[in-house]
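Enquirer: how would this look folded up:
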Amino acid sequence: MRCSAFAVICALLLVCGGAQGEQHDTGQTFLTVHVSGDTVTNDDAAERLEVRGNVRVLVYTSDPDSPRAAIHAEGVQVDLAANTVGAQGGVLLRTDRGAFRGESLHFDLAADELKLTRAAASVDVPRPDGEIFRGYFFGDQIEAVGGSQLIIINGMITPCDSEHRPDIAASAARVVYDTDTGKGTVYGGKLHLLGTSIPLISAVNFRHGGRPSDAELQVSLPGYNGYDGIYLPVGYDFTAADNPWQASIRARVATRSHIRGVASLTRNTEAYDLGLYVSRHQHMIDNITRRLTVSQVPELKYVRRLDVGDVSNHCEMGIDLGRFHERDPEPGSVTRSDARLSGWLGYMHNPEQRTSRNGYWWGATVTQNLYDKGSRFRDFSLETGVGGPIGSDLSGSLSLIEHLTSGRSSFLFDDVDIEREAYSTLKWQMSPLWAFYADGRYDLKNSSLRDYGLQLSRRSHYLTFSVRYDFSEKSVGLRVDINGLTGDTKPAQTTPVVTDQEVQMTPEWVYEQAYELMQSSDPARIGPLF
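Expert: Take a look at the predicted model:
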């Protein structure tokens, strides 16, 4: 979570002398700070301010879209010379996007670092449908570093609002979560599911929030499928969490298939992604049901997001260069090897509605592949779709996709499975707890149903359990979704670790008073809030 609110507190305490708010010119956005406590000590020479006894600090502006912050503690110290803020004794911190609770707080303005001991935190992540998913962090120490990274030491991350026997959680010696990219990593811990603890042999990565295209859960756990048999994922991250470059290796050891994995060196920013990948026997599916293994030796990929106005328009361009080996997994199959240069430009209107299958969307992508052995392959794809409620308990979506191809690809994995297809989804909410899903791909050119899946789900408070059949995988599997985080599930109703009432921060009251103060030129109307 970003620490800019604390920087505002430090600056404003200096401006306002620690006791009163300050009014700016009428008609302009201004900042107000209110501080109260039983005793206030101000050492001008040492540039220190100390407030003790039932301390409350409230920071807000006249702009209703700007952040607000409120602190409650038994003692607060501000060292303006060192640019630090400290608080002790039942510390409560509330902002628009999250809340913190702990024994003590230390904030270093110069280093942009916050530390909270014996702490709990809740962070609100807005969803495309307007609802809020709330994640909880409990630990011996919680740190906020660099404005976007949240680090939990000897703690737990969970969607449950209680740390005692949560339905699902990951406990670890260290958890790192980046609110800008949405990436999180759990180091050296256990997965807790319905009272059962499962050791995590490797670091577990998840991704939620950040850019809309990254809003998906990515977790590697031991499991079983018909192709691999029993498999065990292993992995390691080589670089520190605050390093812009991330190096990692991921591998899967299985009883029926070869050892396969990927090593990567990546850098992800708001504007672009850059990555170098080397892989061995990565599993892919061609032509809906045919299995392939592909090795990258290596691949360099660059993706640039283009600014085209607002979030309803997503445009990106990319290029990747690599050498690949592809083969069918059957013994004695022929290996296809070639180098490939690929470039693409894509646009999607309403990408979040496409992800949620609610609303309408359309887009186009053009891809050009050049191969070292002389082949060329071009794909121009068009997609349009619509989705939403059909009845009181029924919803669905339909998207039409057209591929206009030319040339020939050296590989099966980057060819087109269906040139003209209709993809449809259907959800029947049979009761508040039970739901039935179906999805399918229809080949319009050849008039045949190529792929489909059926799923029956039951929801609990924090989790949704599903039994699913996939035609392409020829498998029946059990799926567990975290409500509000994976699948199309809705978030559970939860309470933040600190409420507005506990810190006496009522947004409507604050904004009403801010507007009145902005219209007034009488300094006597500006005083302590509490």
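Enquirer: for residue 137, name its beta-bridge partners.
Expert: residue 121, residue 157 (DSSP bridges).
Enquirer: what number of residues lie near it?
Expert: Residues lying near residue 137 (other CB atoms under 10 Å) number 25. From N, CA and C alone the C-beta is placed, and that goes for glycine too.
Enquirer: now it: how far from residue 183?
Expert: Counting by CB to CB, to the nearest Å, the gap from residue 137 to residue 183 is 15 Å.
Enquirer: and the closest residue to residue 487 other than its chain neighbours, what's its pLDDT?
Expert: Counting by CB to CB, 6 or more residues apart in numbering, the nearest residue to residue 487 once its immediate chain neighbours are dropped is residue 481, at 3.9 Å. Per-residue pLDDT puts residue 481 at 85.
Enquirer: cool, residue 420 as well?
Expert: With respect to pLDDT, residue 420 scores 95.
Enquirer: check which helix or strand covers residue 321.
Expert: Element membership for residue 321 (DSSP states H and E) is strand 313-327.
Enquirer: kindly report the same for residue 236.
Expert: Counting by DSSP H and E, residue 236 is found in strand 229-237.
Enquirer: how about the helices of the stretch 301-450 of the chain, start to end?
Expert: Applying DSSP state H, counting those that start in this stretch to the stretch 301-450 of the chain gives helices spanning 351-356.
Enquirer: residue ranges with poor pLDDT in it?
Expert: Scanning the stretch 301-450 of the chain for pLDDT under 70 picks out 329, 331.
Enquirer: quick revisit: what residues are up against the residue nearest to residue 487?
Expert: Neighbouring residues of residue 481 by CB atoms under 8 Å, 6 or more residues apart in numbering: 457, 463, 464, 466, 487, 489.
Enquirer: and it, bridged to which residues?
Expert: residue 464.
Enquirer: tell me the buried residues within the contacts of residue 481.
Expert: Buried members of those, scored by 16 or more other CB atoms under 10 Å, are 457, 463, 464, 466, 487, 489.
Enquirer: let me have these in CSV, extended by distance to residue 499 and pLDDT.
Expert: Conversion of the buried ones among the contacts of residue 481 to CSV gives the following (distance: CB to CB, whole Å; pLDDT from 0 to 100):
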residue, distance to residue 499, pLDDT
457, 32, 95
463, 25, 92
464, 27, 92
466, 33, 91
487, 29, 78
489, 25, 86
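Enquirer: what strand or helix carries residue 170?
Expert: strand 168-178.
Enquirer: and the following helix or strand past that strand, what's buried?
Expert: Downstream of strand 168-178, the first helix or strand assigned by DSSP H and E is strand 183-193. Residues of strand 183-193 classed as buried: 183, 184, 185, 186, 187, 189, 190, 191, 192 (neighbour count, 16+ other CB under 10 Å).
Enquirer: list just the nearest of the buried ones among the contacts of residue 481 to residue 158.
Expert: Using CB to CB, residue 463 comes nearest to residue 158 of the buried ones among the contacts of residue 481, at 11.4 Å.
Enquirer: state the distance from residue 48 to residue 485.
Expert: Taking CB to CB, one finds residue 48 at 44 Å from residue 485.
Enquirer: who has more neighbours, the two?
Expert: Of the pair residue 48 and residue 485, residue 485 is the one with more neighbours under other CB under 10 Å, namely 21 against 16.
Enquirer: I'd guess residue 288 is in a helix, am I close?
Expert: No - counting by DSSP: H, G, I helix; E, B strand; the rest coil, residue 288 is located in no helix; its state is coil.
Enquirer: give me the phi and psi for it.
Expert: phi 70, psi -50 (degrees, to the nearest 10).
Enquirer: got the contact list for it?
Expert: Going by CB under 8 Å, 6+ apart, residue 288 touches 417, 418, 441, 450, 451, 472.
Enquirer: can you map out the strands along the stretch 251-400 of the chain?
Expert: For the stretch 251-400 of the chain, applying DSSP state E, counting those that start in this stretch gives strands covering 260-268, 272-280, 282-286, 290-306, 313-327, 335-349, 359-371, 376-389, 394-407.
Enquirer: got JSON lines for these, with mean neighbour count too?
Expert: Output for the strands of the stretch 251-400 of the chain, formatted as JSON lines (neighbours: other CB atoms under 10 Å):
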{"stretch": "strand 260-268", "mean neighbour count": "18"}
{"stretch": "strand 272-280", "mean neighbour count": "17"}
{"stretch": "strand 282-286", "mean neighbour count": "16"}
{"stretch": "strand 290-306", "mean neighbour count": "17"}
{"stretch": "strand 313-327", "mean neighbour count": "18"}
{"stretch": "strand 335-349", "mean neighbour count": "16"}
{"stretch": "strand 359-371", "mean neighbour count": "18"}
{"stretch": "strand 376-389", "mean neighbour count": "16"}
{"stretch": "strand 394-407", "mean neighbour count": "16"}
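Enquirer: would a markdown table of the ones you listed with distance to residue 230 be doable?
Expert: A markdown table is the format used below for these (distance: least, CB to CB, whole Å):
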| stretch | distance to residue 230 |
| --- | --- |
| strand 260-268 | 15 |
| strand 272-280 | 20 |
| strand 282-286 | 15 |
| strand 290-306 | 18 |
| strand 313-327 | 23 |
| strand 335-349 | 27 |
| strand 359-371 | 37 |
| strand 376-389 | 37 |
| strand 394-407 | 36 |
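Enquirer: quick revisit: and the contacts of residue 481, which is closest to residue 423?
Expert: Nearest to residue 423 out of the contacts of residue 481 is residue 487 (CB to CB; 17.1 Å).
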